[in-house]
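Asker: Sharing a model prediction with you, sequence too.
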Amino acid sequence: MEDNTHLKETLYTEKRSGISTIWIVPVVALVIGAWLFYQSYMERGPQIEIVFKSAAGIEADKTVIKYKEIVVGKVTKVTFGEDLKSVRVTAEMKRTMQSYLSEKTRFWVVQAKVGMGEVQGLDTLLSGVYIVMDPQKGETKQRVFKGIDEIPAVSSGEKGSTYTLKVDNIGSLDVGSPIYYKHLRAGSVASYRLDPDGRKITMEVFIKSPFDQLVDTNTRFYNASGIDVSMSANGIDIKTESLVSILMGGLSFENFTVYGRGKPVEKGYTFSLFKNRKEAQRLIYKRAIYFWVYFDDSIRGLSVGAPVEFRGLKVGEVENYYLIGDAETAEFKIPILIKIEPERFTLISNKEKTDDGFNLPIFEKLVRKGFRAQLQTGNLLTGELYIDLNVFPDATPVDVKKEHGFYVIPSVPATLSSLKSGLQGVLKSIAAIPFEEIGNNLNGLLEEFRGTTMPKLDSTIQSVNVLVRDTDKMMNAVHRSYLDPNAQINKKINRLLDEFIRTSKSVKHLTDYLERHPESLIKGK
């Protein structure tokens, strides 16, 4: 009995002091769950909203938010905006990104895109679209953001500088269009917007490092889109930056030697955009003198910007031209406004210098010497005209005039017009010749010649023929009597000549003997 009691006490004691192993697994699972919940709570960041125009490809609990290919958030809900014109994407961000949610932070959607300049987002073909975050620390924290519709050309982490270009028209340029320096890709177009007055377009361009160190106050930006074709005496010259610039447009910048080294510029510095490299390389002159020129000839082929040259050197260009008619006289004239840039040439012995470079006494002296303007053909194929300034000593003297605030440069007819006028004068002179009267007089002379002169001429010709026949007979008789070898006179002459030759030989023998024997004249032979 005591043994049973002792056994029961032992079992009861062991039961009270022992812990069942069945509780170990639930306790461990609870601890792990609590730890995971704590970790999730600690990693859980703020909740944000991103407004997009469209939610194409975005799905709740699937689409993620990335920064440098690392997931920093996840989309939890996609709903319409209040106006149904936009969508609101709700996302939970990681706590590590909390300090980067500012007014400068940007979000955009990455989708598969094949462009002419580059290929983007091909990985989304398998994984689906995702949202990219461009974190920036700003002055204020923000939880609602407006998404960017297009992928920006420049990310905040890329080193470089942003500059401003003033553009007349955008042309084929777009966000992401390349920018080249010596055919090397040096940047891209970041953005553009129309100015409030609607006259210009402000373009932001990004020049990446180290190319941005080459930009100074004398740097020239120009449009490198398409193909630049020029024709000169050396042939046809074709220039382009790259195949990409031909297809999708592009810009280029260069530091031309003619301008020298400029001063360093800060980020945001504003440049002008030139339409091509030739215009960018052209010197910009600060002073200009304006004149009027009048031509009686047609100015077809003359355009605004056409060169004004003096003996083959460009000194200015055409600014504008008008057509003015006089209602009383029904006459029309075309005043052409030209601009001469005095910095293109140098006047020596110029004692009266002015700020704009114009000297009235010198101009009057030039006009007195025959300084005139003339239209010339610059290209025979296209018919383009230019204005040539030169000195024509034989030009008609004129007085210097000033109209509407500018002096007038006298003009002379174009070379072709002068030839045309001269030809017209010759034709008029020819037309004034009385051909009909001359013809009638000539017919009268011919009739008189046939009626009176011709019979006398025939009689004279017959007399001459008789004389010729008599002369011929006489010459034949002379020939038979004197020139014929068988004539008697010829035979006698021949015998006489033989005798004369023999006599000459005898005399010669005698003279030779006397030279050898002179004493024979006294003594005898």
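Answerer: Cool, got the structure.
Asker: and the longest helix seen in the chain, what does it pack onto?
Answerer: With DSSP state H setting the assignment, residue counts place helix 488-516 as the longest helix in the chain. The elements that helix 488-516 packs onto, with contact taken as 3 or more CB pairs under 8 Å, 6 or more residues apart in numbering; DSSP states H and E, are helix 520-523. All C-beta spots, glycine's among them, are computed from the backbone N, C-alpha and C.
Asker: tell me the SS of I131?
Answerer: strand (DSSP: H, G, I helix; E, B strand; the rest coil).
Asker: residues contacting it?
Answerer: Under the criterion of CB atoms under 8 Å, 6 or more residues apart in numbering, the contact partners of I131 comprise 50, 58, 63-66, 73, 75, 89, 91, 107-110, 147.
Asker: distance of the residue nearest to it when sequence neighbours are not counted from G81?
Answerer: Closest residue to I131 apart from its sequence neighbours, by CB to CB, 6 or more residues apart in numbering: I65 at 4.6 Å. With distances defined as CB to CB, to the nearest Å, the gap from I65 to G81 amounts to 19 Å.
Asker: next one: K141
Answerer: Counting by CB to CB, the gap from K141 to G81 is 22 Å.
Asker: which stretches of the stretch 51-200 of the chain form strands?
Answerer: If you assign secondary structure with DSSP state E, counting those that start in this stretch, the strands in the stretch 51-200 of the chain sit at 64-67, 70-80, 87-94, 106-110, 113-114, 119-120, 130-134, 144-146, 160-167, 178-181, 184-194.
Asker: Could you dump those strands into TSV with mean pLDDT and distance to K508 added?
Answerer: Listed next are those as TSV, based on pLDDT from 0 to 100; distance: least, CB to CB, whole Å:
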stretch	mean pLDDT	distance to K508
strand 64-67	90	142
strand 70-80	91	144
strand 87-94	92	149
strand 106-110	87	137
strand 113-114	54	127
strand 119-120	50	126
strand 130-134	89	139
strand 144-146	91	145
strand 160-167	91	121
strand 178-181	90	113
strand 184-194	89	114
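Asker: on that earlier part again, hmm, F107 and the residue nearest to I131 touching each other?
Answerer: Yes: the pair I65 / F107 is scored as a contact, 7.4 Å apart, by CB atoms under 8 Å.
Asker: shared neighbours of the two, anything?
Answerer: Listed as contacting both I65 and F107 by CB under 8 Å, 6+ apart are I131, V132, M133.
Asker: ok but V315 is inside a strand, no?
Answerer: Yes: counting by three-state DSSP, one finds V315 located in a strand.
Asker: and it, what is it in contact with?
Answerer: V308, E309, I340, E341, R344, F345, L389.
Asker: number of nearby residues for I387?
Answerer: Residue neighbour count, defined by other CB atoms under 10 Å, stands at 26 for I387.
Asker: next one: W23
Answerer: Other residues within reach of W23 by the criterion other CB under 10 Å amount to 9.
Asker: now swap in the one 4 residues further on and tell me
Answerer: For V27, the neighbour count with other CB under 10 Å is 9.
Asker: quick one: secondary structure of it?
Answerer: For V27, the secondary-structure state derived from three-state DSSP is helix.
Asker: if I look at it, how far off is L36?
Answerer: When distance is defined by CB to CB, V27 is 15 Å away from L36.
Asker: do the same with V175
Answerer: Look at V175 and L36: by CB to CB, they are 44 Å apart.
Asker: who's more crowded, those two?
Answerer: More crowded of V175 and L36, by other CB under 10 Å: V175, with 16 against 10.
Asker: related to what we said a few turns ago, how about the shared contacts of I65 and F107 in TSV, adding distance to I201?
Answerer: Listed next are these as TSV, based on distance: CB to CB, whole Å:
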residue	distance to I201
I131	30
V132	27
M133	30
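Asker: Isn't V304 up against Y322?
Answerer: No: because the distance of 11.5 Å does not satisfy CB under 8 Å, V304 is recorded as not touching Y322.
Asker: which residues are common contacts for these two?
Answerer: Common contact partners of V304 and Y322 (CB under 8 Å, 6+ apart): none.
Asker: Domain-wise, how is this protein divided?
Answerer: Structural domains annotated on the chain: 2-37, 38-146, 160-281, 289-412, as defined by automatic domain parsing.
Asker: is it true that L347 touches F358?
Answerer: No: assessed by CB under 8 Å, L347 is found out of contact with F358, at 10.5 Å.
Asker: Which one's more surrounded, the two?
Answerer: With neighbours defined as other CB under 10 Å, L347 and F358 compare such that F358 has more, 18 against 10.
Asker: mind checking pLDDT for that one?
Answerer: On pLDDT, F358 comes in at 79.
Asker: Where does it fall, secondary structure wise?
Answerer: Under the assignment given by DSSP states H and E, F358 is not contained in any helix or strand.
Asker: isn't it right next to Y290, touching?
Answerer: No: in this structure, F358 is not within contact of Y290 by CB under 8 Å, at 9.5 Å.
Asker: start to end distance for stretch 170-185?
Answerer: Using CA to CA, to the nearest Å, one end of stretch 170-185 lies 20 Å from the other.
Asker: Going by neighbour count, list what's buried in it.
Answerer: Along stretch 170-185, these residues count as buried under the neighbour rule (16 or more other CB atoms under 10 Å): L173, D174, V175, G176, S177, P178, I179, Y180, Y181, R185.
Asker: can you check stretch 402-414 too?
Answerer: By neighbour count, with 16+ other CB under 10 Å as the criterion, the buried positions of stretch 402-414 are Y407, V408, I409, P410, S411, V412, P413, A414.
Asker: so what's the closest residue to the first one other than its chain neighbours up against?
Answerer: Same thing as Y407. Counting by CB to CB, 6+ apart, Y407 lies nearest to F291, which is 5.7 Å off, once chain neighbours are set aside. Applying CB under 8 Å, 6+ apart, one finds that F291 lies in contact with L337, I338, I340, F406, Y407, V408, I409.
Asker: and the gap between F291 and S188?
Answerer: Separation of F291 from S188 (CB to CB) stands at 45 Å.
Asker: repeat for D168
Answerer: Noted for D168: a distance of 20 Å to S188, by CB to CB.
Asker: more neighbours, those two?
Answerer: Neighbour tally, D168 and S188, criterion other CB under 10 Å: the higher count belongs to S188, 23 against 11.
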